[in-house]
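> Structure for this input, please:
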Amino acid sequence: MTNQPHNGYGPREPYEPYEPRDPYGSYDQQGVQPPAQPGYDAYQPYDPYAQAQPQQAQPQQPQHPQNPAAWPTAQGGQQGYAQQEPVTQTWQTPTWDTQTWQQPVAPAPAGDHSYGSPWPGEPEPGPQAHDFGHAPGAQPPSPVAEPVAPAAPERPMTAAEKAKAEGRPQILAPGFRPAVLTTVLAVLLAAAAPLGQFALVVPVALLQAVTAAGWFRLNGMWPARQGIALAFLGGIAADIGLLATDADQAPTVLMGTLGVWVLLTLVLQLRSNAAPDERLYGLMVAGASAALTVVAAGHLAATSSDAVVIGAVGVAVTALARALPLPKIASPVVALVAAAGSGVATGSLTGFGTSAALLALAAGCCALAGLRAASYDYPSRFVHMTAGVALPLMAAAPAVYVLGRALG
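Numbering: from 1, shown residues only. The predicted structure is shown next:
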């Protein structure tokens, strides 16, 4: 009997000092050899107190198949060899933050796709290709197309550009309808000429208005209200000057009006807020439009009304003949022959004589030049109905004035 209290758990085992663990240690390295005993199994843990306490039955440990290729492990230099497991051994040790513990990762169950295993019937993923080469049997990665910036929206092609791309002619002469309108305006001039200048000024002013609008549109400037209004006012100023002075002063009136209107056009363009290139282009177009409207007043400046009639008829016949569906080479020739024939007919009716054929032929040539100028904006119908109508008669005004004075 002793004075120590009875705890019911048997005698205490002696305290064994802690020794550092070496997972790769072995008995050979530490110099500890297990005692040779009958029935000793080198793969079972050695217990030095197994003989001292025979009365305590040790629980039977499940016997594992011996695997001499297993990696040895040691605990305190007295642990045996552990059996190799199919999974990697992990240790529950505190992490750096000393708050959490690393838990062993359970092996992925079969058919669990969260661990990257393929679906049933899906082939195993092959080795991945790296930047420095491809694994044997691996397919090279498909090239990834670089994103292409969306193209900026292009402006629609003009009719002339489309005709050029398709191989069609970019110059299209005004058709039959503009020719009919030219004929109507020519008849108005021929009918008003014998009535005097005050009657003739009405169709001349109409011709000047159509000329101003058509020239701006022909050059791609629309609506350009200020430029058209300024050019038309220049023509009206020339008409007023011709009506207020003698016929001999016509060149001075026309040149003076033209000079003043070019100066006004320059002042108007200087006040514009457009870019310098646009202002220069606008100055050229506005100045040319003012000059053409002033030149159209030449019909009013002619000293002989018969010359106005002969020239107007010659222009009308030329426009109609040019609109006929004839070959390109033959069409202008036929138009000039028709103009000369009209001069012969009108000369016999007005008493102008055979020289009327020359005047009509010259007016016809000027009309062809005006039609050619109106044909460049392919195929703008508005240009054909304005510039295509007015430019033939406007271009014939200098010939009517000069030849009318010379042949009359």
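> where are the low-confidence patches of the protein?
Across the chain, the ranges flagged by pLDDT under 70 are 1-151, 153, 158-159, 377-379.
> need the helices for it, in chain order.
27-30, 159-165, 176-192, 197-218, 225-244, 250-270, 276-295, 298-301, 305-322, 330-350, 355-373, 381-407 (DSSP state H).
> any chance of those in TSV, plus mean neighbour count and distance to residue 152?
The C-beta positions use only the backbone N, C-alpha and C, and glycine is treated the same way. Formatted as TSV, the helices of the chain follow (neighbours: other Cβ atoms under 10 Å; distance: least, Cβ to Cβ, whole Å):
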stretch	mean neighbour count	distance to residue 152
helix 27-30	13	77
helix 159-165	14	18
helix 176-192	20	38
helix 197-218	22	29
helix 225-244	20	32
helix 250-270	16	31
helix 276-295	20	22
helix 298-301	27	50
helix 305-322	28	43
helix 330-350	18	43
helix 355-373	24	35
helix 381-407	24	30
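> State the distance from residue 380 to residue 278.
Relative to residue 278, residue 380 is positioned 21 Å away (Cβ to Cβ, to the nearest Å).
> Please report the number of neighbouring residues for residue 224.
Using other Cβ atoms under 10 Å, residue 224 is surrounded by 21 other residues.
> cool, residue 169 as well?
So residue 169, with other Cβ under 10 Å, has 12 neighbours.
> Nearest residue to it in space, please, no chain neighbours.
Leaving aside its sequence neighbours, residue 169 sits nearest to residue 163 (Cβ to Cβ, 6 or more residues apart in numbering; 6.8 Å).
> That neighbour and residue 157 touch, don't they?
No - judged on Cβ atoms under 8 Å, residue 163 makes no contact with residue 157 at a distance of 9.4 Å.
> Send me stretch 169-186 as CSV with only the CA atoms.
C-alpha atoms of stretch 169-186 as CSV (Å, rounded to 0.1, in the frame of the first residue of the first chain):
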residue,chain,number,x,y,z
PRO,A,169,-18.3,57.7,-119.2
GLN,A,170,-18.3,60.4,-116.5
ILE,A,171,-19.6,63.1,-118.8
LEU,A,172,-23.2,63.0,-119.7
ALA,A,173,-24.7,65.6,-121.9
PRO,A,174,-28.1,67.1,-121.0
GLY,A,175,-30.9,65.1,-122.6
PHE,A,176,-33.9,66.1,-124.6
ARG,A,177,-35.9,67.8,-121.8
PRO,A,178,-33.2,70.4,-121.1
ALA,A,179,-33.0,71.0,-124.8
VAL,A,180,-36.7,71.6,-125.0
LEU,A,181,-36.5,74.1,-122.1
THR,A,182,-33.6,75.8,-123.9
THR,A,183,-35.7,76.1,-127.0
VAL,A,184,-38.6,77.6,-125.0
LEU,A,185,-36.3,80.2,-123.5
ALA,A,186,-34.8,81.0,-126.9
